[in-house]
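[1] Please find the sequence and the predicted model below.
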There are 4 protein chains.
Amino acid sequence: MIIVLRPEATEKQIEHIVQRVTKLGLKPLVSKGTERTIIGVIGPEDILRATPLEVFPGVEKVMPVLSPYKLVSREFRKENSVIEIGRGIKIGSQEIIIIAGPCAIENYESLYEAAKSVKASGAKALRGGAFKPRTSPYTFQGLGEEGLKYLKDVGDKLGLPTVTEVMDTRDIELVARYADVLQIGARNMQNFVLLKEVGLTKKPVILKRGLSATVKEWLMSAEYILAGGNMNVILCERGIRTFEDSTRNTLDISAIPVVKQASHLPIIVDPSHACGRWGLVGPLARAAVAGGCDGLIIEVHPRPEEALSDGAQSLTPESFAELIPPIKQIANVLGRKV
Amino acid sequence: MIIVLRPEATEKQIEHIVQRVTKLGLKPLVSKGTERTIIGVIGPEDILRATPLEVFPGVEKVMPVLSPYKLVSREFRKENSVIEIGRGIKIGSQEIIIIAGPCAIENYESLYEAAKSVKASGAKALRGGAFKPRTSPYTFQGLGEEGLKYLKDVGDKLGLPTVTEVMDTRDIELVARYADVLQIGARNMQNFVLLKEVGLTKKPVILKRGLSATVKEWLMSAEYILAGGNMNVILCERGIRTFEDSTRNTLDISAIPVVKQASHLPIIVDPSHACGRWGLVGPLARAAVAGGCDGLIIEVHPRPEEALSDGAQSLTPESFAELIPPIKQIANVLGRKV
Amino acid sequence: MIIVLRPEATEKQIEHIVQRVTKLGLKPLVSKGTERTIIGVIGPEDILRATPLEVFPGVEKVMPVLSPYKLVSREFRKENSVIEIGRGIKIGSQEIIIIAGPCAIENYESLYEAAKSVKASGAKALRGGAFKPRTSPYTFQGLGEEGLKYLKDVGDKLGLPTVTEVMDTRDIELVARYADVLQIGARNMQNFVLLKEVGLTKKPVILKRGLSATVKEWLMSAEYILAGGNMNVILCERGIRTFEDSTRNTLDISAIPVVKQASHLPIIVDPSHACGRWGLVGPLARAAVAGGCDGLIIEVHPRPEEALSDGAQSLTPESFAELIPPIKQIANVLGRKV
Amino acid sequence: MIIVLRPEATEKQIEHIVQRVTKLGLKPLVSKGTERTIIGVIGPEDILRATPLEVFPGVEKVMPVLSPYKLVSREFRKENSVIEIGRGIKIGSQEIIIIAGPCAIENYESLYEAAKSVKASGAKALRGGAFKPRTSPYTFQGLGEEGLKYLKDVGDKLGLPTVTEVMDTRDIELVARYADVLQIGARNMQNFVLLKEVGLTKKPVILKRGLSATVKEWLMSAEYILAGGNMNVILCERGIRTFEDSTRNTLDISAIPVVKQASHLPIIVDPSHACGRWGLVGPLARAAVAGGCDGLIIEVHPRPEEALSDGAQSLTPESFAELIPPIKQIANVLGRKV
């Protein structure tokens, strides 16, 4: 931690800060420059983070030196984490995993139809929402437990691990009973109670990035889950909110290498939510694989015109099938496989 | 709803859309311009919103004409809503209400000290967090029920209605037992399950705007609460996330008149979270009152240097006391009072 | 400047950096913490800024301690700068100056009509664009020199100093001949050649904030002008670009106190461009004055329905007249006057 | 153009709008819905765009149906534009063109060294700045004409077309004399005078996207150049400004397919400025090619530690050489070549 003092800071103010820092068991190093005095503090930054040094008289600003996360960091663990999501499928290894399926589970038949087709094209896991976070209370909110049953049944029949969102602490046990992977949606990325609770399970968790979350905050949310004892976290970049309005969100493609440098956790990309337009999913999926992601999660609906949710960004099974071959080849270029 | 077709849209595609719209019980009006054909649809937009018209062949874009919210809109209710928050204090009337207190409840004494001082200066309600949404799992997370007890006790002793955050559906009943007003934090603005559940209570709710929520989305989140039957919603602007980094967030001052035009709900402003620096709270509070807000919620701590949370943005009781007189006078200029 | 090293940085890498810093005539202080080694550098940061320390092997990040601007800073000059804009009108003193007029100069009559009415209501200077930066090449681009002549003539007749935009280095001499104040538009805030050239004149300059400029960058652009020898710079906050789409831009009200702390330069606010809707200009203007601005610049058109540019955000003379009395009173609350 | 009326709009107000629209030579279609009356207007939207319909009494909002650009649009020209940039090198065809070189031209030797190495690795054109837009007036501003001479000489020696930025209308003739391609920097994307002037030349122009420009605005800036008669415009995505601070900007990878749908102009990507960190240039360059770009522009410096500008994001010749083979292979996957 570096404490930068105002030019007019007095000796007494400096002394006050030095005493406080020392009292916290840390070692302050005062360095008087020509224009500013700065105080470097050696020792665990966490102790200082909890102290609002900015309000101490004479302080201009406080600059942390270390990252606030620990368990998710590359420093904590050098090698990539590989997370098993069920039925032997692993995310974070040399294989790039494609997860696909409808946005919402609408009925058994269309889920089965979607699942069968995406499996045939190369998807290794099935997605489908039973609890849907919708911006309007007047739109389809998901089938709930009935949907979870369909999901489990279809997953079992086709041998696909399943991914579904959990939105409420009260539903974790229920969702975990039916699904292989718990998804935390973008709008719940900082629902800290939910994060803590899924941290107490052993289930793999896909943690979507919040609409306006920095990579650092996203990693801090993952830290909540790991701190609870659950190391099975997969990060999912799904676009951030910017001023650009030709796409639903702006896919932050640089988040892939940034996360890879900062953390050992695997990162997948959701091109469907990132753009909100099915016609852009292909280029974004290819870019994500070329950028180094560990997997993709893509919305596919047998008949997007009839989808109850996110139809505009859903691929048909045919478009999805066409998407896969170039992705396989790009993966190969990078020494990976799909 | 206006459906704009691509220049190359065929008669068959137009027919397909017209049939679908008609089947939904709506009336399509096809209008062929020199460069584009557009289809205007008359009837309830909600029905169409659930249909992903963007994926219909030949469609270029779909433009909704109406706002997606109903109960929160000025059209639904012309006059301003006035929400009673307890002990006769009302938000949304001619009086501008100041809510103040510490970010987190740390212990009984400091809460009482803060409450007593803010009441003396003119605050009409007490804020204090018992459940704290913190970005790091390693920082103070709040006292929980113990904190709620202190809050109730201090509120009772000083005759102040109390405001505190609820973060988990499982805690609503508990929090509602102790506090007068439930606060939904910015990070939970789109925690739709939580919104639905507080919608089932009769408690006044302060709904903070999400960090990257548009005014429209914010109103849609309020709609969730009203749709559940709870009309007692107070909106709280607390800054949005932008690229500017000299302040913690960017106070969207225009949100006040925008909300006032679009909705009958009262709107208050939280200058403390908006800027994150106590030295800016005064100018922002004055601006918010001049801009037409119905109340302020301000962080005050007896000794910010020792605060366990948000010390940097907390006013001392003395700074808070100095803040009030100009605010009163500005309120008077606008024909209101504090 | 603080250089934070990677945990795996070697002694040799540290030595390499120390040597380079020393060679630049600066004094490095190496401090080995438990988790990181950091190197504090004492001496003028400018020398180091020009050196890309981030690419030196072993470096994790580089954190500047000082602000990059000098002449515009409060440290350089403690007291507020007061800029005379002609005919004895001063910006930055106790008086809050209102500048008003049409977006574009369309013809002599309507300019005179606008000017006469705004003067009657209390405006102290006249604005009007002769060179218009328009996003489309197919819209009205301004009257050029003819417009400047009208502006000068109307200003002379009514005794009002005049403000107009200059967009091209080749036009500076021309514009300076006719107008009292040169305006640099938001889209030219980082047109560094233009900044340098107006820095060589002695004319007062209104420097609008760029659509996505941080306060720091804005001050750096002002620094360009001051560095050229022209100290007469007035900053103008006019809204920044965010994701919110109910207003044209988002007025960053906190920029007022932030600038006041960081700089001695006066700051005025343009509520018209900030919101883009005339119905919001009133609340924003009041908020800006309450927030501590030194002036307002407001678009007024005799018949907004017929305006060739920005009609949607222009006030009528009547609405403008109604705006002034509460602004006067709010100014009085703060010990200022309009 | 669709005009949406307020629910309380009167017959007289509707009549007023209808008259005005008709007077402009357009055909209004009034359609009365259950909740709103809307007026569709048939005919050229440009005429209406210049009319501020939002201020007409009774109007709630105005929604344009058509894009504001014409010459740059796919509708104007179906097939991709292919721009020759000199020495037979074409951008926009099946070949993906890599432009590389130092940020700033510092001296003849290092420019030659950089150019020779990037050519050997596969670059087809040379970049180098002689006029540098720097945020601080105290940093290296470029060598000016001397730099242009070096650039031309090195380009001639190695047979590489050259790209350099022009910042001032007064320099266009000078820069055009020495360089093959004129670059308009991000900060000048809405310097409309500069756009108009380069529109009068026949030189190929690389138009960088502004830091906070929407794709639509970017295309409108290109429209300025085409409207002047110069059809040789190459768009360059270089990252937009968002809240994310782990990278200098956020590369908007979706801009590639969005532009490809909307326009016939080629689009290249600058991964160096997008991320600001050399270690991320590789993944971003690969992603850009996989996403469908027509070229890359990459900063390479023989000794980044000594670079006078942007050293942190410059590749060494060795890193640049390593970058090329996977890019070639990804291009092949998409049926293109490097």
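    Received the coordinates, thanks. Residues are numbered from 1 along each chain as shown, chains lettered A, B, ... in the order given.

[2] From chain B, how far out is A:Gly299?
    Just so we're on the same page, residue A:299 is Glu rather than Gly. For A:Glu299, the distance to chain B equals 11 Å [C-beta to the nearest C-beta, to the nearest Å]. Every C-beta, even on glycine, is put in place using the N, C-alpha and C of the backbone.

[3] Am I right that that residue is in a strand?
    Yes. Secondary structure assignment places A:Glu299 in a strand (DSSP: H, G, I helix; E, B strand; the rest coil).

[4] Return the helix or strand in chain A with minimum mean pLDDT.
    Scoring the helices and strands of chain A by mean pLDDT, DSSP states H and E places helix A:45-49 at the bottom, with a mean of 78.

[5] Around A:Ala262, how many other residues sit close by?
    18 (other C-beta atoms under 10 Å in any protein chain shown).

[6] Secondary structure element for the closest residue to A:Leu226 other than its chain neighbours, which one?
    With C-beta to C-beta, 6 or more residues apart in numbering or on different chains as the criterion, A:Leu226 has its nearest non-adjacent residue at 4.0 Å, and that residue is A:Leu71. In this structure, A:Leu71 is located outside every helix and strand according to DSSP states H and E.

[7] Tell me which stretches of the stretch 51-200 of chain A form helices.
    Shown for the stretch 51-200 of chain A, the helices assigned by DSSP state H, counting those that start in this stretch span residues A:108-121, A:145-158, A:172-178, A:192-199.

[8] Now mean neighbour count too, for those, in a markdown table please.
    Below are the helices of the stretch 51-200 of chain A laid out as a markdown table (neighbours: other C-beta atoms under 10 Å in any protein chain shown):
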| stretch | mean neighbour count |
| --- | --- |
| helix A:108-121 | 20 |
| helix A:145-158 | 18 |
| helix A:172-178 | 16 |
| helix A:192-199 | 24 |
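
[9] which bits of the stretch 101-250 of chain A sit near chain C?
    A:241-243, A:245 (C-beta under 8 Å from any C-beta of the partner chain).

[10] In helices only, show me the residues you listed.
    Among those, no member falls in helices (DSSP state H).

[11] And the furthest pair within these?
    The distance between the two most remote of these (C-beta to C-beta) is 10.4 Å, for A:Arg241 and A:Asp245.

[12] the more surrounded of those two?
    Shown here are A:Arg241 and A:Asp245; by other C-beta under 10 Å, A:Arg241 has more neighbours (24 against 12).

[13] how close does the more buried one sit to B:Ala186?
    14 Å (C-beta to C-beta, to the nearest Å).

[14] Could you do A:Gly43 as well?
    To B:Ala186, A:Gly43 is 32 Å away according to C-beta to C-beta.

[15] Those two - which one has more neighbours?
    Ranked by neighbour count (other C-beta under 10 Å), A:Gly43 and B:Ala186 place B:Ala186 first, with 24 against 17.

[16] so that one sits right up against B:Ile206, yeah?
    No. With contact defined as C-beta atoms under 8 Å, B:Ala186 does not reach B:Ile206; the gap is 11.0 Å.

[17] Can you show me the strands along the stretch 1-150 of chain A?
    For the stretch 1-150 of chain A, the strands defined by DSSP state E, counting those that start in this stretch occupy A:2-5, A:27-32, A:37-42, A:59-63, A:83-86, A:89-91, A:97-101, A:125-127.

[18] Packing partners of the second one?
    In terms of contacts (3 or more C-beta pairs under 8 Å, 6 or more residues apart in numbering or on different chains; DSSP states H and E), strand A:27-32 is packed against helix A:11-23, strand A:37-42.

[19] go with 10 Å
    Strand A:27-32 makes packing contacts with strand A:2-5, helix A:11-23, strand A:37-42, strand C:27-32, strand C:37-42 when contacts are defined by 3 or more C-beta pairs under 10 Å, 6 or more residues apart in numbering or on different chains; DSSP states H and E.

[20] just to revisit the earlier point, need the strands of the stretch 1-150 of chain A in a markdown table with mean pLDDT, can you?
    Compiled in a markdown table, the strands of the stretch 1-150 of chain A are given as follows (pLDDT from 0 to 100):
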| stretch | mean pLDDT |
| --- | --- |
| strand A:2-5 | 91 |
| strand A:27-32 | 88 |
| strand A:37-42 | 87 |
| strand A:59-63 | 90 |
| strand A:83-86 | 98 |
| strand A:89-91 | 98 |
| strand A:97-101 | 98 |
| strand A:125-127 | 98 |
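
[21] Kindly present those strands as a markdown table, with separate columns for distance to D:Ala213 and mean neighbour count.
    What follows is those, written out as a markdown table (distance: least, C-beta to C-beta, whole Å; neighbours: other C-beta atoms under 10 Å in any protein chain shown):
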| stretch | distance to D:Ala213 | mean neighbour count |
| --- | --- | --- |
| strand A:2-5 | 35 | 23 |
| strand A:27-32 | 43 | 15 |
| strand A:37-42 | 38 | 21 |
| strand A:59-63 | 31 | 17 |
| strand A:83-86 | 39 | 20 |
| strand A:89-91 | 36 | 21 |
| strand A:97-101 | 34 | 27 |
| strand A:125-127 | 34 | 29 |
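
[22] what's the closest of those strands to C:Lys12?
    Taking these one by one with C-beta to C-beta, strand A:37-42 is closest: 22.9 Å.
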